[in-house]
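structure of the sequence below:
(one chain, ligands or ions: 1)
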Amino acid sequence: MPLAVDEVKDRLRGVAAGLLTPFDENGEIEHWKIEENAQSLYDSGLRSFLAAANISEYHSLTQNERVEVTEAALDGLPSDACVLAGVGGSTASAQELIRAYDRLGVDAHMIMPPDHTYVHEQGLLDYFDDLASVTETPFVPYIRAFEPSVDFLADLTQLENVVGVKYAIKDPVKLGAAVAAGSDDVVWVNGLAEPYAVSFWGEGIEGFSAGVSNFRPEVGLELFDALTAGDWERARKLRNICLPYQNFRDRTGQRNTLEGAISVPAVKKGLELAGYHGGNVREPIRSLSPQEADEAEEIYYQLDDDIDHLVH
Ligand SMILES: N[C@@H](CC=O)C(=O)O
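Alright, predicted model coming up:
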């Protein structure tokens, strides 16, 4: 039974882990690993989970695979966990995915950023309306990789199904303006993970999606507690220990100029080092090179030490 709207909002006021998709050496999905990762992350205290999300390699999954990875996440989690599933593409495909997720019993749909070359803000609002016409399940639109206006963001918060906005634009001023202009009834979630947790909090963010906390959840949970308590000094210290690994994720990798190219395999490496399942990636992402894997390990063990000093 999906969570009620108020419960979904409550879970958004926390740390949301992305459930990565572990692929075997042939690129096949190992569903049991998603289930086990979800169980272990829940046991560590996390209560919000993003299935078939950006970081789950949403764009490399077929429509059926999106449904199957979401089902694996739900299978691994008790009913008080909040599972948000990624939805995107054409109106018809997105509606089909929403219906399939609803049959599984997801708690909310995370509407992926538009992947069109040309987008009209009013057209995007129409798109959300059309998607809402096939479901009563709450929506959390994911705002990333495009630069919408404050007016658009405010209008978005007025849509009936929208209970939260996942904001992943590196612009805290726009965030503050949008929070002030939008409905008081939605929960703003930081989609840029720990590095932005402190600055975005000051602008009205109430929860954040995990970066390092995808594989070391204790650091995100402590950071969330520090933010909630207004203990800015501790929050900054916790944020700071996440930065080396997060900065590593931002890198281009070898023979490539696009930033963040190693982000997903870096998180998968972190999962493995922390005792969770990582697995391979699918194209167009590439695995870490042996040197990058060594570097990830070095940065991870520094993080591990920092967590020992600060958290335990
Ligand atoms: N926080 C995630 C993205 C959103 O889910 C990340 O760090 O990549």
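
what residues does the stretch 201-312 of the chain have near the ligand?
209-211, 263 (Cβ under 6 Å from any ligand atom). Every residue, glycine included, has its C-beta placed from N, CA and C.

could you measure from residue 311 over to the ligand?
Distance, residue 311 to the ligand, by Cβ to the nearest ligand atom, to the nearest Å: 19 Å.

report the contact partners of whichever residue of the stretch 51-200 of the chain sits closest to the ligand.
Shortest the stretch 51-200 of the chain-to-the ligand distance, computed as Cβ to the nearest ligand atom: residue-wise this is residue 193, at 3.8 Å. Applying Cβ atoms under 8 Å, 6 or more residues apart in numbering to residue 193 gives the contacts 208-213, 242, 246.

can you rerun that using 6 Å?
209, 211 (Cβ atoms under 6 Å, 6 or more residues apart in numbering).

quick one: the strands in the stretch 1-150 of the chain?
15-18, 48-51, 82-87, 108-111, 139-143 (DSSP state E, counting those that start in this stretch).

if you could redo that for the stretch 201-312 of the chain, that was the one I meant.
207-209.

the residue nearest to residue 244 when sequence neighbours are not counted - how many residues pack around it?
Distances taken as Cβ to Cβ, 6 or more residues apart in numbering place residue 299 nearest to residue 244, at 5.0 Å, with adjacent residues excluded. The burial count assigned to residue 299 is 21, neighbours taken as other Cβ atoms under 10 Å.

can you pull the pLDDT of residue 299?
Per-residue confidence (pLDDT) for residue 299: 98.

correct me if wrong: it contacts residue 246.
No: using Cβ atoms under 6 Å, residue 299 makes no contact with residue 246, being 9.7 Å away.

how about the helices in the stretch 201-312 of the chain?
With DSSP state H, counting those that start in this stretch as the criterion, the stretch 201-312 of the chain has helices at 217-229, 232-249, 263-273, 290-310.

which one of those helices lies nearest to residue 66?
Residue 66 sits nearest to helix 263-273 of all the helices of the stretch 201-312 of the chain, at 16.1 Å, using Cβ to Cβ.

tell me the gap between the closest one and the middle of its chain.
Distance, stretch centre to chain centre, for helix 263-273: 15 Å (Cα atoms, centre = their mean, to the nearest Å).

identify all contacting residues around that helix.
Taking Cβ under 6 Å, 6+ apart as the rule, helix 263-273 contacts 20, 214-215, 248-249, 278, 281, 285, 287-288, 296, 300.

could I get the residues you listed as TSV with neighbour count?
Shown next, in TSV, are the contacts of helix 263-273 (neighbours: other Cβ atoms under 10 Å):
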residue	neighbour count
20	28
214	27
215	27
248	21
249	23
278	22
281	22
285	17
287	15
288	21
296	23
300	22
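
among these, find me the one that's closest to residue 119.
Of the contacts of helix 263-273, the one sitting nearest to residue 119 (Cβ to Cβ) turns out to be residue 285, at 24.1 Å.

for that closest one, what are its contacts?
residue 264.

give me that answer again for 8 Å
57, 60, 261, 264-265.

which two in the residues you listed are spaced the farthest apart?
Maximum distance among the contacts of residue 285 (Cβ to Cβ): 13.9 Å, for 60 and 261.

more neighbours, those two?
Per other Cβ under 10 Å, whichever of residue 60 and residue 261 has more neighbours is residue 261, with 20 against 16.

for the more buried one, which non-adjacent residue is spatially closest?
Using Cβ to Cβ, 6+ apart, the closest residue to residue 261 is residue 253 (4.6 Å).

ok, that neighbour touching residue 289?
Yes: applying Cβ atoms under 8 Å, one finds residue 253 in contact with residue 289, separated by 7.1 Å.

which one of those two is surrounded by more residues?
Neighbours per residue (other Cβ under 10 Å) separate residue 253 from residue 289, with residue 253 holding more: 20 against 14.

what pLDDT is listed against that one?
So residue 253 comes in at 96 (pLDDT).

contacting residues for it?
Here residue 253 is in contact with 261-262, 286, 288-289, 292 (Cβ under 8 Å, 6+ apart).

now pLDDT too, for those residues, in CSV please.
Shown next, in CSV, are these (pLDDT from 0 to 100):
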residue, pLDDT
261, 97
262, 98
286, 97
288, 98
289, 97
292, 98
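
pick out the most distant pair among those residues.
261 and 289 (11.3 Å).

what is the neighbour count of residue 39?
Residue 39: 16 neighbours (other Cβ under 10 Å).

please report the distance of it from residue 33.
Distance, residue 39 to residue 33, by Cβ to Cβ, to the nearest Å: 11 Å.
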